[in-house]
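J.: the sequence and its predicted three-dimensional model are supplied below.
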Amino acid sequence: MRIKGLVFFARICYLPCTVNAAAAPTHDSVVKRAGAAGGWKFAARIIVAISLLASGAFAQTTIPETDPPLRPIQNMFEPLSTPALKIHETSIPVLLICAAIFCVVTTLLVFIVWKFRQRNEEDRHVEPPQVYGSSHIELAWTVIPIIITVVLILITARTIGEIQNAKIPDDALRIRVIGHQWWWEVHYLKQNENGEWVTDFIAANEIHVPVGTREEPKMTHMILESSDVIHSFWVPQLAGKTDLVPNRKNELWIEPWATGTYLGNCAEYCGTQHAKMKIRVIVEEQDVYEAWAQNQRTPPPPPPANVALGHKLFMDYACANCHTVDGTIADGVFGPDLTKLMTRRTLGSGAVDNTPENLFKWVRDPQAADMKPGCLMPDMKMLDSEVREIVAYLETLK
Amino acid sequence: MSDDPRKHDPDYVELPTPTAWPIVTAFGLTLLFAGLVTALAVSVVGLICAIIGGIGWFTDVFPHPKHEYVKVRPIDQQPDPYKTSRRSVSHLKVGSSHHRARYPEAIHPYSAGLLGGLAGGAVMAVLAVAYGLIAKGSIWWPVNLLAAAAVPSLAEATPEAIAAFSLAGFIVAIIVHLALSVLIGLLYTVLLPMLPAKHEWFWGGIVPPLIWTALISASMPMINPALAKYVDWPWFILCQVAFGAVCGFVVFKTARVETMQSWSFAEKMGIEAQEKEK
Amino acid sequence: MSAENVNAGQPQHFINDPADESTPWVLPSPRRVGIICLILTETALFSIFVVAYLFYIGRSLNGPFPADVLHLPVFASVCLIGSSFTIMAAEFALKKANHALFNLWWGITMLLGIIFIVYTGLEWHELIYEKNLTIRTNVFGSTFYSLVGLHASHVIVGLFLLGSVLVSSFRGKLHHDHHEHVEVISWYWHFVDAVWIVVLGVVYILSVHMDAPLMP
Amino acid sequence: MNPHAPGANPAADIDLQPVAPGSERGSLVALIQDLVFTVDHKKLGLMYFGSGLLFFVVAGIMAALMRYQLAIPNHGFLEPDVFNRLFTMHGTAMVFLVGMPMIFAFANYLIPLMIGARDMAFPRLNAFGFWIFLFSGILLFFSYIAGPGLYDAGSAPDVGWFAYSPLTARAFSRGHSTDYWTISILLGGIGSIATSINILVTIFCYRCKGMTLGRMPLLVWLYIVVAFLVVIALPPLSACQIMLLLDRFLDAKFFDTQAGGDAVLWQHFFWIFGHPEVYILILPGFAIASEVIPVFSRKPIFGYPVMVAASVMIAFISLGVWAHHMFAVGMTSFGNTFFAISTFLVAIPTGIKIFNWLGTMYGGKIRLRPPMLFCIAFLFQFLIAGLTGVMLAVAPFNWQLTDSYFVVAHFHYVLIGGLLFTIFAGVYYWYPKCTGRMLDEKLGLWHFWLFTIGFHLTFFPQHIAGFLGMPRRYYTYDAGRGWDEWNLISSIGVVIQAAGILFFVYNLLHSYFKGAKAGDDPWDAWTLEWATTSPPAEYNFEKPQVVRSRRPLWDLKHPDDPDWKYE
């Protein structure tokens, strides 16, 4: 009860704009928020609009709707998964203690400056009494912070243990996430006869996981690795961030209890397109998840005749050197696995939505300013007609 | 050089001679490294510069650092005698009759605080363990509940597990209990002299424990959920008061000091010293 | 401006204060404080390389490994550590104003240092050309050459310092009041020796007998 | 009374001895000659300040460009690589080319004056330290010009000021851009260490008669701590730069994860330097505040021994907290707990210091002049910075907050709210001493209010953007993530800050020529630098000084009631 009150307090204090966003996520929550916002924010939006016009910025302004609904506002004070909740519960006493200290010291400061400011001419000629210090008050303001520190240490130690040393239940979904410059490779794992965890199927950038409830949580356990530089996996409403370090295996777990498409980001600077290394964690009902996983496991049929040209171009150009399409000669590992490309909602790790036009523009030149300039996929300098053929082929990969 | 007559002349001041060798050396060193990212020739030039600079510098300071004598300014350009517009200084009411103070005035020695804290802590521990034994049949019950603030396995443990011995819990509980007892004991050395002279046992032994118990009860669900779940308030308060009473008593008896109850609050705190009344 | 005013500019009553007059004002020598700070900063530098070496023990993916290629440099170590004693002897001679003896001991110190450097050169030559261990071979090679090389470079700097003292001594420019310079240089030399003892323990003894990482 | 012209070299009209080359004023050549040849601690201090200010303006413009890019979502003003270079250079320049020279500027100018010495212990080394700092800065910025055009020498570094491996490996950072960064830091490090050794030796060996360690001004004490930290924390940085150079030029394997090297090792080594560096930068801020606040409150510093002890404690603890920058790299729970605890400990001495400053002001007669205003703002902002620091120390909370805009806000509150504000306070306080003229008070107030408002407008919203999951080092972001308004406000704040800085720079120039005459001791202060003329003579003091208390000038001004009777 108390905690709920505090949560509310924290929300009011810090985040007036997002109170209802996660409570009732809707398809157009972004637009709704704008409408519900106060007058000053409306003014801010006008300024945004003017600057947009003035600077000739790109047109993309909002994130389109998805199913399950998007959760674009990743407010860390609205956790929807166990580790994020534990962090949140730890943060509340910390915030309260800090707020209390802030209030006390600021009040003192303002009071002192006001009370003891030099007021009149007489003040100019008389020095105040010279006080060097006071053993007992100095002792007091040493001991009291130490006591506060002891309290903070206790809660911190407990929460670290609770999150880092959690047991992995038998029914946990296990996946391996491998960071690449600038995308995510996701291996869904299964246990083989020897009890080892081996790859079941491979996805990229969008991580589908089943939902649980707060009473009966469903854990998804991730092993985090990197193939090149250090990245960091961060979806604030699900868990704190953990780095993906080459040559190391880090762990992260989530237990989401609300469905939705959670937006996250790479949080460790990893090179040119660090900003467009976005994460989507799609939390869905168990049966929806199962259906998706089953589809991912199913090898694709051979390409239909009407896209044979596109298929050939894909294999002839360097595409196949970097990308894998199961059941074909394409087995490259530098780029995302494209076997189920059309089941994904974005291209380029969240750079743009996966629409036919965007797919065309992406294949034609991923380095274009409105795509992902600097990404490791080169501009292949293909003719538009060739691109169209390849896109037609890619559109069959679902 | 060392026999220069100006060396002991108060009208002359010895200063190091200006020199360009440091900048030459620094420049050479920079070029030496810059060659790595540009061309080898840059490094070569840099090395030569650095060596020349280094040698030049060496000759500057060896066998004796080069210096020159500068004549001091004429008297009318030298600094003014020290003046201030603030000739008078407000006097203190308390402490010495002078204008300034440091407040060692009269507080209990720190050792009294340590001792009081330890004594209070011991009594509190005995009471808590007694409660565990009587109410839950286990001396580890209170120990583990205290440790549950920091030990995750205890925070989510069943009552049986809390009643059982846990090494981690024991160590954490001992450290936390000792640390807090001593710290609060130290606070008592500061606090007691400021309390009203009458009924010290009440102001020192009962009131502070009640205040901090109220604070703890407000924050306990966040700081120690397990304790919040199983706490037995009458016993809990009894333990706190026992600590306060014992600690206060020990501190108070160790060395009696003059109380400051007649002083103003700021004076008690030692951060202000009032002016003497005219 | 009168003379009185000038005096008022100075803290007159302090100068007249007998308490101050009678207590001499002695401060530490700048050279000594300076060299202590320098040694402190060098210690910090070396400790990072030592930690890197310790951390990478047992982590090389391919050989050669320390046990395959390193043997204890007994003679070189005796020379370098012995030079700490000879430099003390030289200092002692300078204090007694015995310049000939000073030159002798100082020269021996330099000679011992040079022997050490020559030994290191030979060792490196053997490692690189016969045992195929270079700085790029594995993490052992990287940490070994950087740590030992850093130490050797300090020995070389030390030799330059020793040499400059010897040259000035021969040219007769080394006066009695330079004993502090000499002392400071000897402190640096002792420090270089002390580092070698650490390097010896870590590189030539510990890592030769370890094949698993020390740290998790 | 002797109204001598400000800036005039009093030694110039002495005919007996040719003094420093170029001390005859007027010709530009003479001036440059003077600057190049000088070994005078005051001139070097001013040169440190001038070059630091120059780099500050440059790095500030870089920040403004970045904020313009981030003002609105999906802004196309800057390319990703350009942006990445900007934040790398901004961070590197602000830490190594602004923070370090600024703290050395104050150290150089003030320490010899405050301890009654004629110059630094090693004046030539002092000049060397300055020049190598300046050249390293020029080399770093040269990387922009060198670009692909000159020798194909690469471009400005784009790996962040922390340059985490393996992003700096040849495989991920081609060309020489990272090498520029490494070499520049390595060279600058040599200068910083040399200067710090010089500071330590000066303080230990050149104090005037009677100035025991317990009677030194707090500023001098804090610089002992700072210089000590530089001496032991900078070498780890140099060591890891050497390793990186070996990796990049000789193909060594220190950070090569393919060859068994460890990427996290770099982070350990870097932050063993990096965290003490924060205290290296902020302690001089504390030092300035500890001089200004007493003088403007007309009281001695409250609890001098405790202030000294707290500073030493901060330095000591700061050497054992580095891995709190690395809570997310996957340390063991033991490691995380250890570093969380050690970090909490820093809060204790820091809290003591804040309370002691408040204690100094309490019961005083506070003159609200620009130096004091900046110190009061510093107290307020540093309080916020300290509290957000406590939040970051809570390791689980840190897993959410680290690498987000919350951290950006936090360390800007530390370094701007803490260091820069105290530097401003120091400039307003000691400008009269350096030039003989007062800074204009009205312009100072404009500067103060504009900069303070702009600062909070810029950096406070970033806390909230961080709470909403906005990561650092993003050149662009999508609309609709809840970040838009906060970023826009933040960018607007920059304009106001820039206006404040304009007032400041204008004030510096304007007052140099037109400011009111200051006199020797305009603030009625108590430390030895005010016992000489403004500006001081080349040799600082005509006669050796003698002190008997922490406030020698108080003793002289109140001979009937001197301090030394009580200390």
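T.: Looks like it arrived, so ask away.
J.: which phi and psi does the residue nearest to the spatial centre of chain B have?
T.: Nearest to the geometric centre of chain B sits B:Leu183, at 12.8 Å (C-alpha atoms, centre = their mean). Here is the backbone geometry of B:Leu183 (degrees, to the nearest 10): phi -60, psi -40.
J.: try D:Lys517
T.: Main-chain torsions, D:Lys517, degrees, to the nearest 10: phi -60, psi 140.
J.: same question for C:Leu70.
T.: Here is the backbone geometry of C:Leu70 (degrees, to the nearest 10): phi -100, psi 140.
J.: might you report the residue contacts of the closest residue to chain A within the stretch 301-450 of chain D?
T.: Nearest residue of the stretch 301-450 of chain D to chain A: D:Trp399, at 2.4 Å (C-beta to the nearest C-beta). Glycine gets a C-beta too; all of them are placed from N, C-alpha and C. Going by C-beta atoms under 8 Å, 6 or more residues apart in numbering or on different chains, D:Trp399 touches A:Ile87, A:Ile163, A:Ala239, A:Gly240, A:Lys241, A:Thr242, D:Phe327, D:Ala328.
J.: mind checking which helix or strand the second one is in?
T.: Remark: A:Ile163 resides in helix A:135-164, with elements defined by DSSP states H and E.
J.: give me the element the residue of the stretch 301-450 of chain D closest to chain A is part of.
T.: Assigned by DSSP H and E, D:Trp399 falls in helix D:395-401.
J.: could you pull up the mean pLDDT of that helix?
T.: In this model, helix D:395-401 has a mean pLDDT of 95.
J.: packing partners for the helix or strand following that helix?
T.: Sequence-wise, the next helix or strand downstream of helix D:395-401 (DSSP H and E) is helix D:405-414. Under the contact criterion of 3 or more C-beta pairs under 8 Å, 6 or more residues apart in numbering or on different chains; DSSP states H and E, helix D:405-414 touches helix D:263-297, helix D:370-393, helix D:441-467.
J.: give me the helices and strands touching the following helix or strand past helix D:405-414, please.
T.: Following helix D:405-414 in sequence order, the next helix or strand is helix D:421-435 (DSSP H and E). If you count contacts as 3+ C-beta pairs under 8 Å, 6+ apart, helix D:421-435 packs onto helix D:100-114, helix D:263-297, helix D:370-393, helix D:441-467, helix D:484-514.
J.: so what does the fourth one touch, helix or strand wise?
T.: Where contact means 3+ C-beta pairs under 8 Å, 6+ apart, helix D:441-467 is packed against helix D:370-393, helix D:405-414, helix D:421-435, helix D:484-514.
J.: could you dump the helix or strand just after the longest one to PDB, C-alpha only?
T.: What that stands for is helix D:484-514. Downstream of helix D:484-514, the first helix or strand assigned by DSSP H and E is helix D:552-557. Below are the C-alpha coordinates for helix D:552-557, written out as PDB (Å, rounded to 0.1, in the frame of the first residue of the first chain):
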ATOM      1  CA  PRO D 552      47.900  36.100   8.000                       C
ATOM      2  CA  LEU D 553      46.100  39.200   6.800                       C
ATOM      3  CA  TRP D 554      43.500  39.000   9.500                       C
ATOM      4  CA  ASP D 555      46.300  39.100  12.000                       C
ATOM      5  CA  LEU D 556      47.700  42.200  10.400                       C
ATOM      6  CA  LYS D 557      44.400  43.900  10.100                       C
END
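J.: the nearest residue to A:Pro145 once chain neighbours are set aside: which element?
T.: Of all residues beyond its chain neighbours, the one nearest A:Pro145 is D:Gly351 (4.5 Å), with distances taken as C-beta to C-beta, 6 or more residues apart in numbering or on different chains. D:Gly351 is part of helix D:333-361 when elements are defined by DSSP H and E.
J.: just the mean pLDDT for that helix, thanks.
T.: 94.
J.: do stretch A:135-148 as well
T.: Mean predicted confidence for stretch A:135-148 is 87.
J.: same check on stretch C:150-163?
T.: The average pLDDT within stretch C:150-163 is 95.
J.: buried set for it?
T.: For stretch C:150-163, a neighbour-count test (16 or more other C-beta atoms under 10 Å in any protein chain shown) marks C:Leu150, C:His151, C:Ala152, C:His154, C:Val155, C:Gly158, C:Leu159, C:Leu161, C:Leu162 as buried.
J.: do stretch B:189-208 as well
T.: Result for stretch B:189-208 [16+ other C-beta under 10 Å]: buried residues B:189-195, B:200, B:203-206, B:208.
J.: any chance of those residues in JSON lines, with pLDDT and secondary structure too?
T.: As requested, the buried residues of stretch B:189-208 are arranged in JSON lines below (pLDDT from 0 to 100; DSSP: H, G, I helix; E, B strand; the rest coil):
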{"residue": "B:Thr189", "pLDDT": "83", "secondary structure": "helix"}
{"residue": "B:Val190", "pLDDT": "80", "secondary structure": "helix"}
{"residue": "B:Leu191", "pLDDT": "78", "secondary structure": "helix"}
{"residue": "B:Leu192", "pLDDT": "76", "secondary structure": "helix"}
{"residue": "B:Pro193", "pLDDT": "72", "secondary structure": "helix"}
{"residue": "B:Met194", "pLDDT": "72", "secondary structure": "helix"}
{"residue": "B:Leu195", "pLDDT": "71", "secondary structure": "coil"}
{"residue": "B:Glu200", "pLDDT": "68", "secondary structure": "helix"}
{"residue": "B:Trp203", "pLDDT": "76", "secondary structure": "helix"}
{"residue": "B:Gly204", "pLDDT": "76", "secondary structure": "helix"}
{"residue": "B:Gly205", "pLDDT": "80", "secondary structure": "helix"}
{"residue": "B:Ile206", "pLDDT": "84", "secondary structure": "helix"}
{"residue": "B:Pro208", "pLDDT": "87", "secondary structure": "helix"}
